[in-house]
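[1] missing the sequence, but the structure's below:
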């Protein structure tokens, strides 16, 4: 599976089961109410603060 990050987006290229596993891992890490849009923004803000 490959992933590409833009300034405001993430693109995952792979089979459906791989993407499903990645989404479940994100959900376990960030909680069931987290939206992908919020995670992208939070990661970008965190990355800039480092």
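    Thanks, I have the structure now. Source: prediction; values computed, not measured.
[2] contacting residues for residue 12?
    By CB atoms under 8 Å, 6 or more residues apart in numbering, the contact set of residue 12 is 1-3, 18-19, 22. (Each C-beta comes from the backbone N, C-alpha and C, glycine too.)
[3] got those residues as a markdown table, with neighbour count and pLDDT columns?
    What follows is the contacts of residue 12, written out as a markdown table (neighbours: other CB atoms under 10 Å; pLDDT from 0 to 100):
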| residue | neighbour count | pLDDT |
| --- | --- | --- |
| 1 | 11 | 78 |
| 2 | 8 | 84 |
| 3 | 11 | 80 |
| 18 | 13 | 91 |
| 19 | 14 | 88 |
| 22 | 15 | 86 |
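[4] Among these, which ones are in strands?
    Within these, residues falling in strands by DSSP state E are 2-3.
[5] Save the contacts of residue 12 as a markdown table, and put in distance to residue 30 too.
    Formatted as a markdown table, those follow (distance: CB to CB, whole Å):
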| residue | distance to residue 30 |
| --- | --- |
| 1 | 19 |
| 2 | 22 |
| 3 | 16 |
| 18 | 19 |
| 19 | 16 |
| 22 | 12 |
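[6] okay but residue 3 is in contact with residue 11, surely?
    Yes: counting by CB atoms under 8 Å, residue 3 touches residue 11, with 6.8 Å between them.
[7] how many other residues sit next to residue 10?
    For residue 10, the neighbour count with other CB atoms under 10 Å is 13.
[8] now do the one 4 residues further on
    One way to gauge burial is a neighbour count; for residue 14, by other CB under 10 Å, it gives 13.
[9] Which residue, other than its chain neighbours, is closest to it?
    Of all residues not flanking residue 14 in the chain, residue 1 sits nearest, at 3.3 Å (CB to CB, 6 or more residues apart in numbering).
[10] Before I go, just wanted to say thanks for your time.
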